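>>> give the three-dimensional model of this entry:
(one chain, ligands or ions: 1)
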Amino acid sequence: MTKDFHSKPFDESTKLKLDIFRECFKEWLPVFIHNPYIEHVFIFDFFAGSGKDKTGFYGSPLILLEEARGENRKYCTKVRKKVTFNFYDRSAQKIEELRRNVKDFFWECKEKNCCKECVYEIEIQRCEFKKLLEKEEIQGILSNTKFGKFVLLDQCGFKEISPNVFRILTESPKTDFIFFISSDFVRRFKEHPSVKRYIDTSGINVDEGKPIEYHRAIANYYRNLMVGKENYYLHHFSIKKPKEKGGNIYGLIFGSNHTLGMEKFLKVCWKHDKYSGESNFNIDSDYEEGNLFYNPNRTNKQIKMRQKLEQMILSRDITDNIAGFKYALKNGCLPILFTEVVLNLEKEGKIRREGDVKNASTNIHKVKEYKINVISNEHN
Ligand SMILES: C[S@@+](CC[C@H](N)C(=O)[O-])C[C@H]1O[C@@H](n2cnc3c(N)ncnc32)[C@H](O)[C@@H]1O
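As a prediction, the model looks like this:
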């Protein structure tokens with residue numbers, strides 16, 4: 001795990017991880033740039049690395065800068081507030097290389113686009129992650145409600161996102177985060193004191209016969225740390241390395257205290273996994289493309305979620321659209337799934353909708369509430 005990450009070409013699973021970082025940030029940035037209540041936007045890459053792999057393939061910091069420019073410079077030409085990128089790494093060598101790579105990036109960007117000064121502010125500093133989190137300056141930024149924060153934590157391994165770090169992240173307002181974790185390593189060495197010191201593995205519940213579900217279980221471990229945070233959203237994406245590379249599973253965990261943050265992340269996840277929206281392999285044993293029974297609209301995850309939503313509506317545990325949308329989001333499904341269930345129940349004459357009834361199922365923070373009345377069912 002301590003091997004130099006940038007000394008070889010990135011493999012396909014690392015490129016997928018970087019793609020997800022890219023798409024996640026691409027969805028996030030315009031929301032915060034255009035939000036009139038946000039005065040200053042901060043992008044933190046706490047484990048930034050050198051910026052490129054051996055072949056020149058972009059790592060996370062350059063990916064973030066590239067996305068902040070946007071296609072045809074659609075963001076940098078329009079930004080009207082301060083946007084600061086903070087890149088950190090504990091390695092002096094990585095920081096030196098990153099400074100060089102960022103300088104080259106700006107030089108090329110200015111040349112190509114004929115601009116004098118970049119609108120973005122960049123801070124590159126050598127520093128240990130834990131020390132940074134203790135700094136008053138960083139704490140002040142994270143706790144400021146007028147600052148929008150995107151936090152990327154591409155740690156090596158699993159040790160950095162302790163329960164306390166996780167608490168800080170989930171309690172920071174206007175802050176979305178995404179972190180990497182080497183889930184298979186935690187699974188294989190779960191009894192080892194050097195793992196237990198950082199993660200209470202007794203709190204990870206997983207069927208031992210299903211190692212492919214370990215990242216899902218780790219995400220649940222973090223979910224269980226969020227006692228009393230009903231309006232917080234967490235989702236995960238499992239990435240399996242190819243067999244010839246060991247087939248290990250690691251993954252990403254994304255957190256947001258806003259429904260829009262989770263909607264955007266789920267959009268990225270379902271784009272990459274049309275079966276379950278959570279992995280780069282067939283985690284729920286669905287029929288695959290080419291099979292006679294393949295149906296991307298009726299995958300095991302979707303069927304299970306539809307049944308659960310139907311049951312909760314008919315038993316009156318969900319009585320309005322907003323609660324239904326949030327339930328879907330909390331369980332890794334896009335809100336449209338809830339609307340499909342409601343429309344079906346309505347068609348079957350089992351429910352009636354009352355109030356401002358519309359079928360809008362995106363940007364759910366802006367959707368008006370309607371009530372759902374159960375007409376007749378076996379639960380009556
Ligand atoms: C997996 S690499 C990050 C790769 C980077 N995101 C990219 O896309 O190229 C992890 C980086 O974190 C740095 N690192 C490891 N432990 C650290 C710590 N405790 N604090 C800060 N940086 C650390 C390493 O030097 C390494 O460059």
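
>>> and the residue of the chain found nearest the ligand, its phi and psi?
Closest residue of the chain to the ligand, CB to the nearest ligand atom: Gly59 (2.3 Å). In this view, the C-beta of every residue, glycine as well, is placed from N, C-alpha and C. Backbone torsions of Gly59, given as degrees, to the nearest 10, read phi -90, psi -180.

>>> you'd agree it is up against Leu65?
No: between Gly59 and Leu65 there is no contact, the gap being 10.9 Å when judged by CB atoms under 8 Å.

>>> the stretch 251-380 of the chain: helices as residue ranges?
All helices of the stretch 251-380 of the chain, identified by DSSP state H, counting those that start in this stretch, fall at 259-272, 300-314, 321-330, 336-347.

>>> out of the ones you listed, which is closest to Phe46?
Phe46 lies closest, by CB to CB, to one member of these: helix 259-272, at 18.6 Å.

>>> angle of the closest one against helix 321-330?
50 degrees (axes from the mean of the first three to the mean of the last three CA atoms, to 10 degrees).

>>> what residues does helix 259-272 touch?
Contacts to helix 259-272, defined as CB atoms under 8 Å, 6 or more residues apart in numbering, come from residues 16, 19-20, 23-24, 27-28, 31, 176, 178, 233, 235, 237, 254, 256, 277-278, 280, 325-326, 329, 332-335, 362-365.

>>> rerun at 7 Å
With contacts defined as CB atoms under 7 Å, 6 or more residues apart in numbering, helix 259-272 is touched by 20, 23-24, 27-28, 31, 176, 233, 235, 237, 254, 256, 277-278, 280, 326, 329, 332, 334-335, 362-365.

>>> from those residues, which would you call buried?
20, 23-24, 27-28, 176, 233, 235, 237, 254, 256, 277-278, 280, 326, 329, 332, 334-335, 364 (16 or more other CB atoms under 10 Å).

>>> chain center to stretch 223-243: distance?
Offset of stretch 223-243 from its chain centre (CA atoms, centre = their mean, to the nearest Å): 9 Å.

>>> start to end distance for that stretch?
End-to-end distance of stretch 223-243 (CA to CA, to the nearest Å): 30 Å.

>>> and the contacts of helix 259-272, which of them are in strands?
Secondary structure from DSSP state E places 176, 233, 235, 237, 254, 256 of these in strands.

>>> go ahead and confirm the fourth one touches Tyr250.
No: taking CB atoms under 7 Å as the contact criterion, Phe237 and Tyr250 are not neighbours in contact, 10.0 Å apart.

>>> intersection of neighbour lists for those two?
Counting by CB under 7 Å, 6+ apart, nothing touches both Phe237 and Tyr250.

>>> Tyr222: neighbour count?
The burial count assigned to Tyr222 is 22, neighbours taken as other CB atoms under 10 Å.

>>> what helices and strands are in contact with the helix or strand containing it?
Using DSSP states H and E, Tyr222 sits in helix 214-223. Judged by 3 or more CB pairs under 7 Å, 6 or more residues apart in numbering; DSSP states H and E, helix 214-223 is in contact with helix 183-188, strand 233-240, strand 249-256.

>>> now tabulate those in TSV and tack on distance to Phe147.
As requested, these are exported to TSV (distance: least, CB to CB, whole Å):
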stretch	distance to Phe147
helix 183-188	31
strand 233-240	20
strand 249-256	15
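
>>> need these in a markdown table with mean pLDDT and distance to the ligand, can you?
Putting those into a markdown table (pLDDT from 0 to 100; distance: least, CB to the nearest ligand atom, whole Å) gives the following:
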| stretch | mean pLDDT | distance to the ligand |
| --- | --- | --- |
| helix 183-188 | 90 | 13 |
| strand 233-240 | 98 | 13 |
| strand 249-256 | 97 | 11 |
